[in-house]
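Novice: Task: produce atomic coordinates for the following.
(one chain, ligands or ions: 1)
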Amino acid sequence: MTRFTVAIDGPAASGKGTISRAVAETFGFAHLDTGLLYRAVGKKALTFTDGPLDPDLAGNLAAHLTEADLAADDLRTAPVAQAASRVAAIPQVRAALLDFQKRFARREGGAVLDGRDIGTVICPDAEVKLFVTANDRTRAERRFAELTANGHETDLDTVLADLRARDKRDASRDAAPLKPAPDAHLLDTTELSIDAAVAEAVTKIKKRI
Ligand code: C5P
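Specialist: Have a look, this model is predicted:
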């Protein structure tokens, strides 16, 4: 097995990031958190405006992302998440990020990518596709715990409202909307521990290896 792609999609704070990292570790695959790409573009966009951005300018920002942009330590803030979701609806941005993600997915040694459109657009031929969900209150509680642990001051209602706004925008946009691929396995993590969710994902992958 030299090339093997696992596509993991789902809404914000569904657990897909945690599952993806654990899957990468278990199988020795490379991992790409594709949300970081959009967050890095969103952060750059905020230096111009917090309103609508010219689509070609946005595409240009995406085309010129560097490793350093992706390593910035402030990509996990709420304003950057919302900005990411706004730029992610711009087709020029998605087009500029497409090749990098496709190449990453087919690298030697296996890859796991997590995002919103991995199973539908980036890797429609992925060997395994998972669509990870959880109810929105549970997701907001998880994100709230993560943000406060990292020193961000916020409250649960604000986090819940932010998540809902982002999910709605991500699912209703024309360009690569958030939705399960027809052949994705649905994994609802609402009632699952992290270990149980990871174990389910690992079982599905082992069946295809
Ligand atoms: O996964 P994360 O919450 O970091 O993603 C931030 C935003 O980036 C999402 O709300 C979504 O709008 C966008 N995104 C996307 N397609 C992906 C990954 C993220 O549109 N594959």
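
Novice: what's near enough to touch the residue positioned nearest the centre of the chain?
Specialist: Nearest to the mean C-alpha position of the chain, counting by CA atoms, centre = their mean, stands G115 at 2.8 Å. Listed by CB atoms under 8 Å, 6 or more residues apart in numbering, the contact partners of G115 are 8-9, 33-35, 122. No exception for glycine: its C-beta is placed from N, CA and C like everyone else's.

Novice: So which of those residues wins on neighbours?
Specialist: I8 (29 neighbours; other CB atoms under 10 Å).

Novice: Secondary structure class of it, three-state.
Specialist: In three-state terms, and counting by DSSP: H, G, I helix; E, B strand; the rest coil, I8 is strand.

Novice: beta partners of it?
Specialist: D114, L130 (DSSP bridges).

Novice: so how far is the ligand from it?
Specialist: Counting by CB to the nearest ligand atom, to the nearest Å, the gap from I8 to the ligand is 10 Å.

Novice: okay, that residue: pLDDT?
Specialist: For I8, the pLDDT comes out at 98.

Novice: So what's the residue count around K168?
Specialist: By other CB under 10 Å, 13 other residues sit near K168.

Novice: So it: helix, strand or coil?
Specialist: In three-state terms, and counting by three-state DSSP, K168 is helix.

Novice: Where does the prediction get shaky in this structure?
Specialist: 1 (pLDDT under 70).

Novice: Tell me the residues of it that contact the ligand?
Specialist: Contact residues, the chain versus the ligand (CB under 6 Å from any ligand atom): 12, 34-35, 38-39, 81, 84-85, 88, 115-118, 166, 170.

Novice: Lovely, talk soon.
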